[in-house]
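Novice: for reference, the sequence and a predicted model appear below.
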Amino acid sequence: MNTLRIGVIGDFDSTHRLHGRTNDALRLAAGDCEIRWLATDGPEQELGGLHGFFCAPGSPYRSMDGALRMVRWARESGAPFLGTCGGAQHALIEFARGVMGMRDAGHAEYDPYASVLFVNRLACSLVGRAMAVELRDGSRAAAAYGERRVTENYYCNFGLNGDYRAGLEEAGMLVSGWDDGGEARVFELAGHPFFLATLFVPQDRASEAAHPLIRDFVRAARDGTA
C-alpha cells in the first residue's frame with residue numbers, strides 16, 4: 001500500500017491552536033501519513049497525487065479563490081473531502097457558485113455587504129461553545145458516529161444563510177445535522193464518495209481516540225492508495 005497523502009487546505013499558522021489539533025487528529029486516525037498544507041495564496045499545485053482533502057479552520061484565508069479552487073477539485077474529482085468550521089463555510093460557497101450557478105454567492109467574513117450573502121454572520125457566536133447536534137437518520141454522519149445525537153465544539157461566527165437551505169438541498173447538498181434550534185450544522189454531498197462539512201471542529205475532540213468523522217474520512221482516502 002502506498003503512503004497516505006492528505007492535503008490540508010488552509011494557511012498554516014503554528015500559533016493557531018486548531019491547526020496543530022488538525023495535524024494531531026489526522027495522525028491519530030491515519031497513523032503513518034503525509035500531511036501537506038496547501039496555502040491558499042501559493043502557486044497552483046498538482047492535486048492529483050493527494051488521496052484526500054481536509055479544509056481547515058482559520059478563515060478568512062489569504063486567498064478565497066485559491067481555497068475554492070481546491071475545494072472544487074475535490075468535489076469534481078471525487079476525492080474524499082472533509083471541511084470543518086471555515087472549511088465547511090467555503091465548501092458551501094463553492095457549491096453555491098459551482099453547482100447552483102450563484103456566481104455572486106458571498107461570505108460575510110470577506111464582504112458583509114455582498115449582494116448574495118450565502119454564508120452570513122450567525123445571530124449568536126458559537127466560539128468556544130459545546131453544543132448538541134441532531135443527525136439525520138441514514139446519513140453518513142450518523143453512520144460514522146453510530147448514534148443520532150452528539151455534542152461537539154464550535155469556534156465559528158458564520159454559517160449557512162437559512163434563506164438558501166431549500167435550494168442547497170434541492171441541488172444535492174444534504175443538511176444532515178442541525179442544532180436544537182434547527183440551524184444547519186452538518187452537510188453532505190449526495191453521490192460523492194465522501195464529501196462532508198461541519199460547522200463544528202471534530203479535531204478538537206480527538207485526543208486519545210480517532211474522531212468518527214475523521215476516521216471515516218481517512219478510510220475513504222486510504223481506499224485511493226491501493
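Specialist: That came through, no problem. Fair warning: this is a prediction, and the values are worked out from it, not measured in the lab. Residues are numbered from 1 along each chain as shown.
Novice: please name the residues that touch residue 59.
Specialist: Residue 59 sits next to 67, 85, 86, 87, 89, 90, 107, 109 when contact means C-beta atoms under 8 Å, 6 or more residues apart in numbering. No exception for glycine: its C-beta is placed from N, CA and C like everyone else's.
Novice: burial of the closest residue to residue 14 other than its chain neighbours, as a residue count?
Specialist: Nearest non-adjacent residue to residue 14, counting by C-beta to C-beta, 6 or more residues apart in numbering: residue 20, 7.3 Å away. Residue 20 is flanked by 14 other residues according to other C-beta atoms under 10 Å.
Novice: from residue 145, how far out is residue 20?
Specialist: Here residue 20 is placed at a distance of 24 Å from residue 145 (C-beta to C-beta, to the nearest Å).
Novice: where exactly do the helices run in this structure?
Specialist: Here the chain has its helices, by DSSP state H, at 17-30, 64-77, 86-98, 140-145, 165-170, 212-222.
Novice: contacts for the second one?
Specialist: Under the criterion C-beta under 8 Å, 6+ apart, residues 7, 9-10, 38-42, 44, 47-48, 53, 55, 59, 61, 79-81, 83, 90-91, 93-95, 97-98, 107, 110, 189, 192, 195 lie in contact with helix 64-77.
Novice: any low-confidence regions in this structure?
Specialist: Scanning the chain for pLDDT under 70 picks out the ranges 1, 225-226.
Novice: grab the most central residue of it for me.
Specialist: Nearest residue to the geometric centre of the chain (C-alpha atoms, centre = their mean): residue 83, 1.2 Å.
Novice: ok, it touching residue 52?
Specialist: No - between residue 83 and residue 52 no contact is recorded; they are 11.6 Å apart, counting by C-beta atoms under 8 Å.
Novice: identify the contacts common to those two.
Specialist: Joint contacts of residue 83 and residue 52 (C-beta under 8 Å, 6+ apart) do not exist.
Novice: ok, of the contacts of residue 59, which one's closest to residue 219?
Specialist: Set against residue 219, the nearest of these by C-beta to C-beta is residue 87 (19.1 Å).
Novice: can you give me the neighbour number for that closest one?
Specialist: 28.
Novice: for residue 194, see how far away it is.
Specialist: The value you get for residue 87 to residue 194, if C-beta to C-beta is used, is 14 Å.
Novice: same question for residue 66.
Specialist: 22 Å.
Novice: residue 105 touches residue 98, doesn't it?
Specialist: No - applying C-beta under 8 Å, one finds residue 105 not in contact with residue 98, separated by 9.5 Å.
Novice: who has more neighbours out of those two?
Specialist: A count of neighbours by other C-beta under 10 Å puts residue 105 above the other of residue 105 and residue 98, at 22 against 16.
Novice: who does the more buried one bridge with?
Specialist: Under DSSP bridges, the beta-bridge partners of residue 105 are residue 116.
Novice: measure it to residue 66 for me?
Specialist: From residue 105 to residue 66 the distance is 17 Å (C-beta to C-beta).
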